[in-house]
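Participant: Provide a 3D model corresponding to the input given below.
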Amino acid sequence: MGLQWMVLAYVVAAEAVLAVIAMLPSPKLVKSRIISLLSLTLRPLAGVVPFAAFQLLDIYWKNEHRMMCTSGACTASERDRYEKTVFYRAIWSICQLNKRVQSLEEVEKKLKDQ
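Facilitator: This next block holds a predicted model:
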């Protein structure tokens, strides 16, 4: 995970340098060429935004769903309860999604019949 954050930091630093270069005063012809070069450079770097969002969501998920133990060390029953909770929550959300899709399909069918 540390390597991912290091790569992300380097890319953000490179984007900051490119932004500073774009803001430097220069003649109009040079400025237009610099901007076109920077826009070509920034296209591949735009993939960093979803990567950064994924990293932040990963941190949030791990923080919100970490195992809580009553004592200093987790017992086997606490680990089992935690794993079942996450598993059952995922299954429950999938079932709720399927129920919602079925109800929307029924509504659509009724509207088409009218």
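Participant: State the mean pLDDT of whichever strand or helix holds Asn98.
Facilitator: Assessed by DSSP states H and E, Asn98 sits inside helix 76-113. Averaged across helix 76-113, the pLDDT comes to 80.
Participant: Numbering from 46 from now on, please.
Facilitator: OK, 46 is where the count begins now, so the last one is helix 121-158.
Participant: Just the pLDDT for the residue most central in space within the chain.
Facilitator: A centroid search over the chain (Cα atoms, centre = their mean) returns Phe99, at 2.6 Å, as the residue closest to the centre. At Phe99, the model reports a pLDDT of 79.
Participant: check which helix or strand covers it.
Facilitator: Phe99 belongs to helix 93-109, assigned by DSSP H and E.
Participant: Show me which residues of that helix are buried.
Facilitator: Under the neighbour-count criterion of 16 or more other Cβ atoms under 10 Å, helix 93-109 has Val93 buried. The C-beta positions use only the backbone N, C-alpha and C, and glycine is treated the same way.
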